[in-house]
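Undergrad: Next come a sequence and a model predicted from it.
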Amino acid sequence: MKVEDLDHASIDHVLSTTRAVRRRLDLDRPVPLDVVTECLEIALQAPTGFNLQNWRWLVITDPETRGDLAEVYRRALLPFLDAMEPDIAEDDDQTRRVAASSRYLLEHLDQVPVHVIPCTVLQVQQEHAQWQELAYDTDLWNMAASSVYGEVWPAAWSFMLALRSRGLGSSLTMIHLAEEPAVAERLGIPEGVSQAGLIPVAYFAGDDFRSAARRPLSEIAFLDRWGQPLLS
Ligand SMILES: Cc1cc2nc3c(=O)[nH]c(=O)nc-3n(C[C@H](O)[C@H](O)[C@H](O)COP(=O)(O)O)c2cc1C
């Protein structure tokens, strides 16, 4: 397909309206595994460092396992939400909405039909001598950390975009990592494999997602030197 044949309106719509969906997840509608695998196949076209493809994907549908993950999620997030919610400013509707929506997910995560845990295989990287040097050189720690999680997030976002275009909602979550070792043991994830997060997946109800209000590019993007606005 050539550039001129692409439907930019549709592409841009999906790119700019793929929201973190929590309250609008349809918890009663089953998600066929075929849809999940189709979206994962698309995700595998994302960039991958040195083409090592150190990503791994754990798709969880077993209700008991989802229940256990939801329990971990709840344990980690509830105290934080309870503490932060009273401090949200009266006029800060957006943060209030995110908090309420996060609370909803916390209370219903066990009912979300599919949980996807993107992982990265650290072992493969560690086998490369140069990578080992990187990992132990604290000056280069940021480069190593960025590479590890950068291995999986572009693909995870492609996965979420592919889901959205098929009528399924999701959101990035990291909260269960508070108990990552216990979860790894529960799921049989071997040593040397790092979990990056948990993506709950379900069909969404309603289809009127919109672009979100974000800080303007003029405040956050610079040209040539930090502080020099990209947009004048
Ligand atoms: C690094 C990162 C961590 C996140 N962790 C969570 C999480 O643990 N739980 C959750 O419900 N959403 C999580 N989110 C989703 C954000 O809350 C969401 O993207 C944000 O509120 C903006 O909403 P939008 O994506 O619908 O525009 C995370 C997003 C990112 C990028």
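TA: Yes, it's here.
Undergrad: How about the contacts made by the residue most central in space within the chain?
TA: When C-alpha atoms, centre = their mean is applied to the chain, the residue found nearest the centroid is Leu172 (2.7 Å). Residues counted as contacts of Leu172 (C-beta atoms under 8 Å, 6 or more residues apart in numbering) are Ala20, Ala156, Met160, Gly197, Ile199. Glycine gets a C-beta too; all of them are placed from N, C-alpha and C.
Undergrad: go with 10 Å
TA: By C-beta atoms under 10 Å, 6 or more residues apart in numbering, the contact list for Leu172 reads Ala20, Pro118, Trp153, Ala156, Trp157, Met160, Ala196, Gly197, Leu198, Ile199, Pro200.
Undergrad: How many neighbouring residues does the closest residue to Leu78 other than its chain neighbours have?
TA: In space, not counting the residues next to it along the chain, Leu78 is nearest to Leu106; the distance is 6.4 Å by C-beta to C-beta, 6 or more residues apart in numbering. By the measure other C-beta atoms under 10 Å, the count of residues near Leu106 is 20.
Undergrad: Which strands and helices lie in contact with the helix or strand that contains Asp34?
TA: Per DSSP states H and E, Asp34 falls inside helix 33-43. Contact analysis of helix 33-43 by 3 or more C-beta pairs under 10 Å, 6 or more residues apart in numbering; DSSP states H and E lists strand 55-60, strand 114-121, helix 153-165, strand 168-170, strand 199-203 as its packing neighbours.
Undergrad: Please name whichever of these is nearest to Pro229.
TA: The minimum distance between Pro229 and the helices and strands packed on helix 33-43 falls on helix 153-165, with 26.8 Å, by C-beta to C-beta.
Undergrad: Find me the pLDDT at Gln130, would you?
TA: With respect to pLDDT, Gln130 has a value of 61.
Undergrad: With the one 3 residues further on instead?
TA: Looking at Glu133, its pLDDT stands at 62.
Undergrad: Please identify the residues of this structure in proximity to the ligand?
TA: Selection of the chain residues close to the ligand by C-beta under 6 Å from any ligand atom yields Arg19, Ala20, Arg22, Val98, Ser102, Leu105, Ser171, Leu172, Thr173, Met174, Ile175, Ala212.
Undergrad: Could you rerun that using 5 Å?
TA: For the chain, the contact set with the ligand under C-beta under 5 Å from any ligand atom comprises Arg19, Ala20, Val98, Ser102, Ser171, Leu172, Thr173, Met174, Ile175, Ala212.
Undergrad: The first one: what's it in contact with?
TA: In this case it means Arg19. The contact partners of Arg19, by C-beta under 10 Å, 6+ apart, come to Ser101, Met160, Arg164, Gly169, Ser170, Ser171, Phe204, Phe209, Arg210, Ser211, Ala212.
Undergrad: which of those residues are buried?
TA: Ser101, Met160, Arg164, Gly169, Ser170, Ser171, Phe204, Phe209 (16 or more other C-beta atoms under 10 Å).
Undergrad: I'd like the residues you listed as a markdown table, with pLDDT and distance to Pro229 appended.
TA: Converted to a markdown table, the buried ones among the contacts of Arg19 look like this (pLDDT from 0 to 100; distance: C-beta to C-beta, whole Å):
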| residue | pLDDT | distance to Pro229 |
| --- | --- | --- |
| Ser101 | 95 | 32 |
| Met160 | 98 | 31 |
| Arg164 | 98 | 32 |
| Gly169 | 98 | 35 |
| Ser170 | 98 | 34 |
| Ser171 | 97 | 31 |
| Phe204 | 97 | 37 |
| Phe209 | 96 | 30 |
